[in-house]
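Enquirer: Test case, fold it:
(chains A and B)
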Amino acid sequence: MKAIFGLLRRLWKAEAFSPGAFVLRATFLAALYAVSRIAGLQEYATFLSGTSPNVNLSWQTASALGLIHLLLYFSFILLVPILLITAGLLAAWNVCFSRYAKPQGGSDAA
Amino acid sequence: MKSNLKVRVKKAGLALAAFTLAAAIWLPCLHLFFREPLAEFYQEKGVSPKARQLAARHLQLWTEPSLRQIELRKMRASNAEWDFMGRTFLVWSLVNMGLREPAIKAQYLPVIDQIIQETVKIEKQDGIYAFLMPYAKAHPYQVSPARSLFLDGEIALMMGARRMLQEEPAYKQPMTERLNAIEQRMRSNPLMAMESYPDECWTYDHAVALVAFKVADRLDGTDHTALCQQWVAIAKEHLVDKTTGLLLSSYQINGAPLYGPEGSTIWMVAHCLQVVDEPFARDQYDRARKELGRITLGFGYGLEWSASWQGPMDVDSGMVVPGLGVSAGSSGMAFIAASSFHDWNFLQALTATLDMAAFPSRQNGRLKYCASNQVGDAALLYASVLGPLWESIRKP
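Expert: Model prediction:
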């Protein structure tokens, strides 16, 4: 547990363009998508077919929920992997070309 | 301070380059996570797993009235046509499934009969407007009494398809009456045009009606060959968009074009024409595939409009993704054409898109697509089982 919190703290404190920051963003997006999925917002995606997702809700509200899920889903399948690959590439760069990385303090080792 | 900024800019540049490279790595790979063997969706013989799951969901809707009411309320709130088309696609699907697996057709026949009888009952009670969009009442039909080819053609084909699965004498007369009415109206118009909406004739509905004539010929020994050939000859001469060579979607009763070639129409038209004029159908499919079918990064989709004829986003096109022009309506109907013309590469790419973007939801062996609706799922079911009905109509 301690190790997990330690890792999260390091991620949180990571520089904006460090591998850790990209991992943090990916984790955040994945978590948001998980919440949306668990909350059942997927059902509201039917607004895409022009059908009222839920006749007990207004069209605008139901569509907004569907749109939120849609954006989170596409973030999850498009952005999350790209952010993780980016983190991997940056980490690999830092390892291979540490001469560039070191002078900036190395706080982004995550 | 200056050097600090320089370092930050350098880092940002490096991160941007890494992000771009990551996108270039990931995007072409994405479809691999959604690509399944085609047999999961369509099989030449038997019934594919997805078809079975989709059918299970629809059969549940027709055996549990409360569930059906919820679905119908949702759809009718947007478009009463979809309620009707959801029925017709389901009947045609179940007929094909029955022909594929004769041992279990007894399970499908009661549902098919229930759908047909209930549909006809609603039409009788509430009139043709029960299944049409409200604008149908805005103007009177040019030819009276008001009849809609949309309803007559699809109901006749539902009855005919049911009879192809197993003869049911009760449907012979009502089917013949509808076809006689259609034939009489088509023959009384120089373009063989019959209205679906007031002064609005749809190629889709004519193509469906032509299939219904072919079914009648097969079942009842009539001969509508000349009528069908005549319609095709007129269509080739008057109803084709000069730029694309594709059939127009809709036109006034005097032949004045209303909508040019649309994905949500032409894919189904090409499918129907297969039993009327195979070479013309193939020509229309090939043109539609070129103008309106796309595969990008392994994902297949349909455009609603060709580059030469743009139209508005409407209930037929469904949601259109800006920039890409991906149309939900056209993509859904593209499944039918791709299955029908054995365009396996396109069909597989379409199924990848379906699994990626339509939010499949499985529960107790039943499948639905959350981004779709009952009519969309019924059209997909039809695409996954079509074939045997058309084969039995064309059989020499």
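
Enquirer: Specify the next element, helix or strand, located C-terminal of the biggest helix by length in chain A.
Expert: Longest helix of chain A, by residue count under DSSP state H: helix A:19-38. For helix A:19-38, the following helix or strand on the C-terminal side (DSSP states H and E) is helix A:59-74.

Enquirer: hmm, whichever helix or strand comes after that following helix touching chain B?
Expert: Beyond helix A:59-74 on the C-terminal side, the first helix or strand identified by DSSP H and E is helix A:80-96. Yes. Helix A:80-96 comes into contact with chain B (CB under 8 Å from any CB of the partner chain), by way of A:Pro81, A:Ile82, A:Leu83, A:Leu84, A:Ile85, A:Thr86, A:Gly88, A:Leu89, A:Leu90, A:Trp93. From N, CA and C alone the C-beta is placed, and that goes for glycine too.

Enquirer: hmm, back to that, show me what the longest helix of chain A packs onto, helices and strands only.
Expert: helix A:2-12, helix A:59-74, helix A:80-96 (3 or more CB pairs under 8 Å, 6 or more residues apart in numbering or on different chains; DSSP states H and E).

Enquirer: quick one on the thing from earlier: between the residues of helix A:80-96 next to chain B, which has the least confident prediction?
Expert: Lowest-confidence member of the residues of helix A:80-96 next to chain B: A:Trp93, scoring 91 (pLDDT).

Enquirer: Pretty sure B:Gln274 sits against B:Trp390.
Expert: Yes. The pair B:Gln274 / B:Trp390 is scored as a contact, 6.0 Å apart, by CB atoms under 8 Å.

Enquirer: Between the two, which contacts overlap?
Expert: Residues touching both B:Gln274 and B:Trp390 (CB atoms under 8 Å, 6 or more residues apart in numbering or on different chains) are B:Ser340.

Enquirer: could you check whether the helix or strand harbouring B:Ala270 is close to chain A?
Expert: Element membership for B:Ala270 (DSSP H and E) is helix B:263-273. No. Helix B:263-273 lies out of reach of chain A by CB under 8 Å from any CB, never closer than 11.7 Å.

Enquirer: and that helix, how far from the chain's centre?
Expert: Distance of helix B:263-273 from the chain centroid (CA atoms, centre = their mean, to the nearest Å) equals 7 Å.

Enquirer: What's the first helix or strand after that helix?
Expert: Counting by DSSP H and E, the next helix or strand C-terminal to helix B:263-273 is helix B:278-292.

Enquirer: tell me the angle that following helix makes with helix B:263-273.
Expert: 160 degrees (axes from the mean of the first three to the mean of the last three CA atoms, to 10 degrees).

Enquirer: pLDDT weak spots in chain B?
Expert: Across chain B, the ranges flagged by pLDDT under 70 are B:1-2, B:312-313, B:315-318.

Enquirer: And for chain A?
Expert: Looking at chain A by pLDDT under 70, you get A:1, A:7-8, A:10-13, A:99-110.

Enquirer: quick revisit: need the winner for burial among the helices and strands packed on helix A:19-38.
Expert: Using mean count of other CB atoms under 10 Å in any protein chain shown, the stretch among the helices and strands packed on helix A:19-38 with the largest mean neighbour count is helix A:80-96, at a mean of 19.

Enquirer: which one's the longest helix in chain B?
Expert: Max-length helix for chain B by DSSP H is helix B:2-30.

Enquirer: Quick check, central residue of the chain?
Expert: Going with chain A. Centroid check for chain A by CA atoms, centre = their mean gives A:Leu29 as the closest residue, at 2.4 Å.

Enquirer: ah, I was thinking of chain B
Expert: B:Met333 (4.1 Å).

Enquirer: Which helix or strand lies directly C-terminal to the helix or strand where that residue lies?
Expert: Element membership for B:Met333, per DSSP H and E: helix B:328-340. Downstream of helix B:328-340, the first helix or strand assigned by DSSP H and E is helix B:344-357.

Enquirer: Any idea how far apart the tips of stretch B:161-178 sit?
Expert: 14 Å (CA to CA, to the nearest Å).

Enquirer: hey, where'd the helices end up in the stretch 51-200 of chain B?
Expert: B:65-78, B:80-100, B:105-126, B:149-165, B:172-187 (DSSP state H, counting those that start in this stretch).

Enquirer: Now do the second one and helix B:65-78, the angle between them.
Expert: On the basis of the same axes, to 10 degrees, helix B:80-100 is oriented at 130 degrees to helix B:65-78.

Enquirer: contact partners of the helix holding B:Ala270?
Expert: With CB under 8 Å, 6+ apart as the criterion, helix B:263-273 contacts B:202-204, B:207-208, B:210-211, B:232, B:246-247, B:249-250, B:259, B:280-282, B:284-285, B:288, B:292, B:302-305, B:316-318, B:327, B:329-334, B:336-337, B:340-341, B:386.

Enquirer: Using CSV, write down the CA coordinates of that helix.
Expert: Extracted in CSV, the C-alpha atoms of helix B:263-273 (Å, rounded to 0.1, in the frame of the first residue of the first chain):
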residue,chain,number,x,y,z
GLY,B,263,-25.7,5.6,-48.4
SER,B,264,-28.7,4.8,-46.2
THR,B,265,-30.7,4.0,-49.4
ILE,B,266,-28.3,2.8,-52.1
TRP,B,267,-26.8,-0.1,-50.1
MET,B,268,-30.3,-1.6,-49.6
VAL,B,269,-31.3,-0.9,-53.2
ALA,B,270,-28.3,-2.7,-54.5
HIS,B,271,-29.1,-5.7,-52.2
CYS,B,272,-32.8,-5.8,-53.4
LEU,B,273,-31.8,-5.4,-57.1
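
Enquirer: tilt between it and helix B:328-340?
Expert: Going by the same axes, to 10 degrees, helix B:263-273 makes 20 degrees with helix B:328-340.

Enquirer: just the angle between helix B:263-273 and helix B:149-165, please?
Expert: 40 degrees.

Enquirer: follow-up on the earlier one: any idea how far A:Ile85 is from the residue nearest to the centre of chain A?
Expert: A:Leu29 sits 14 Å away from A:Ile85, going by CB to CB, to the nearest Å.
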